[in-house]
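>>> with the input below, show me the fold.
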Amino acid sequence: MNYGPITTEPDSHAQMDKALELGINFFDTADVYGWKRGEGITEKIIGNWFAQGNGRRDKTVIATKVFGDMGEDKNSERGLSALKIRNMCEHSLKRLQTDHIDLYQMHHVARDAAWDEIWQAFDTLVTQGKVIYVGSSNFAGWHIATANQVAKSRGSLGLVCEQSKYSLACRAVELEVAPACAHYGLGLIPWSPLDGGLLGGVLDGGVGGDGHRRKSEGMVKRIEGIRPQLQKWEGFCKELGEKPADVALAWTLHNPVVTAPIIGPRTSEQLVGSLKALEIKLSAEQLKQLDEIWPVAGIAAGKPSPEAYAW
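Numbering: from 1, shown residues only. Reported below is the predicted structural model:
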């Protein structure tokens, strides 16, 4: 999402080369990234990188998304009609300079679209070889259940993953989404695992406190609203001897439903630095401490959700 608006194309290409060198091969984007409606800037940057050859495309699992308003015509407005899905897929393929998308995700749930229509479009793309797998993003647990039940009735594979906002400071997905993913065998791909930088050491000048888009009025207000909680959090990380950003990423990996967090680096230095999270192993006692600092509202003690409130 940073590629184009923040990170230049040459730097973006250098990051992706470095990622492959490090063994990171899953790259996530969306047709609307780049923030100039209809231009698909981030997809184009990735496509130009693929075009450099040297096996880059074959080494990469590329994921993109469809839903947002691409500003082209009435058929490209926000939503998921069959026509929109098929047309936007063609545009993404062209921008990415590839003949197939490994993971095509619904960026949001389309509440006014029939699931049979949606699956008809995705099934066609899969049959044509233009899409390998279908995923969702920002879905509720019951959306995942409904989508997969309809897919099953059609003989389709259904969703293989869900991309949700998930971090220590934003754990609502543990109530329904994560259990739904576990039940249907979906991988969970957390976005914003540092909660916009909040968990990156904002009180100590770490990620989120570096003045780059982070010290917005809203962020400052939020920091002040939970300062005691942040003090406990950063104190915990200090005792652990690790950077808050690394601990926050490591925490997402303790959940067996999580495939991998989306790290979203702006620089190659941030990309390399994030690997430290793979070395951090949190004990049961440490996880309990983190639950006390960042509790999940609505989960009864000793009961995993959604059984916490079903009786």
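>>> just the strands in the stretch 1-150 of the chain please.
Along the stretch 1-150 of the chain, the stretches classed as strands by DSSP state E, counting those that start in this stretch are 26-28, 61-66, 101-106, 131-137.
>>> the shortest one pairs with which strands, parallel or anti?
Strand pairing for strand 26-28, using DSSP bridges, gives strand 61-66 (parallel).
>>> now the strand it pairs with, how far from the centre of its chain.
Computed by Cα atoms, centre = their mean, to the nearest Å, the separation of strand 61-66 from the middle of its chain amounts to 11 Å.
>>> that strand versus strand 101-106: what angle between them?
30 degrees (axes from the mean of the first three to the mean of the last three Cα atoms, to 10 degrees).
>>> buried residues in strand 61-66, which are they?
Ile62, Ala63, Thr64, Lys65, Val66 (16 or more other Cβ atoms under 10 Å). (Glycine included, C-beta is placed from N, CA and C.)
>>> how far away is the spatially closest residue to the second one that is not a sequence neighbour from Asn148?
Excluding the flanking residues, the one nearest Ala63 by Cβ to Cβ, 6 or more residues apart in numbering is Leu103, at 3.8 Å. Relative to Asn148, Leu103 is positioned 16 Å away (Cβ to Cβ, to the nearest Å).
>>> so Val247 sits against Lys276, correct?
No: the criterion here is Cβ atoms under 8 Å, and Val247 misses it with Lys276 at 9.4 Å.
>>> enumerate every residue touching the most centrally placed residue in the chain.
The centre of the chain sits closest to Trp191, judged by Cα atoms, centre = their mean, with a distance of 3.4 Å. By Cβ atoms under 8 Å, 6 or more residues apart in numbering, Trp191 lies in contact with Ser137, Gln163, Ser164, Lys165, Tyr166, Pro261, Ile262, Gly264.
>>> cool, and His254?
Contacts of His254 (Cβ under 8 Å, 6+ apart): Leu282, Leu287.
>>> got it, and Pro265?
Under the criterion of Cβ under 8 Å, 6+ apart, the neighbours of Pro265 are Asn2, Gln15, Leu271, Ser274.
>>> coming back round to it: how much space between the residue nearest to Ala63 and Ala30?
Applying Cβ to Cβ to Leu103 and Ala30 gives a distance of 11 Å.
>>> intersection of neighbour lists for the two?
Joint contacts of Leu103 and Ala30 (Cβ under 8 Å, 6+ apart) are Thr64.
>>> pretty sure the residue nearest to Ala63 sits against Ser136.
No: using Cβ under 8 Å, Leu103 is not in contact with Ser136; the gap is 10.5 Å.
>>> burial of the closest residue to Ala82 other than its chain neighbours, as a residue count?
Leaving aside its chain neighbours, Ala82 sits nearest to Ala121 (3.9 Å; criterion: Cβ to Cβ, 6+ apart). Ala121: 24 surrounding residues under other Cβ atoms under 10 Å.
>>> quick check: Ala121 touching Ile85?
Yes: under the criterion of Cβ under 8 Å, Ala121 makes contact with Ile85 at 4.0 Å.
>>> show me the contacts for Ile262.
Counting by Cβ under 8 Å, 6+ apart, Ile262 touches Asp28, Gln163, Ile189, Pro190, Trp191, Ser192, Pro193.
>>> tell me what the second one is bridged to.
Yep, that's Gln163 we're talking about. Here Gln163 shows beta-bridge partners Ser137, Ile189, assigned using DSSP bridges.
>>> what is the subsequent helix or strand relative to the worst-scoring helix or strand of the chain on mean pLDDT?
Lowest by mean pLDDT, DSSP states H and E among the helices and strands of the chain is helix 217-225, with a mean of 89. Later in the chain than helix 217-225, the nearest helix or strand by DSSP states H and E is helix 227-240.
>>> which strands or helices does that next one pack on?
helix 244-253, helix 284-293 (3 or more Cβ pairs under 8 Å, 6 or more residues apart in numbering; DSSP states H and E).
>>> distance between that helix and the chain's centre?
A distance of 25 Å separates the centroid of the chain from that of helix 227-240, by Cα atoms, centre = their mean.
>>> quick one: that helix to helix 284-293, angle?
Going by the same axes, to 10 degrees, helix 227-240 makes 160 degrees with helix 284-293.
>>> show residues contacting helix 227-240.
168, 198-199, 201-204, 223, 243-244, 247, 280, 286, 289-290, 293-294.
>>> now list the buried members of those.
168, 198-199, 201-202, 223, 243-244, 247, 280, 286, 289-290, 293-294.
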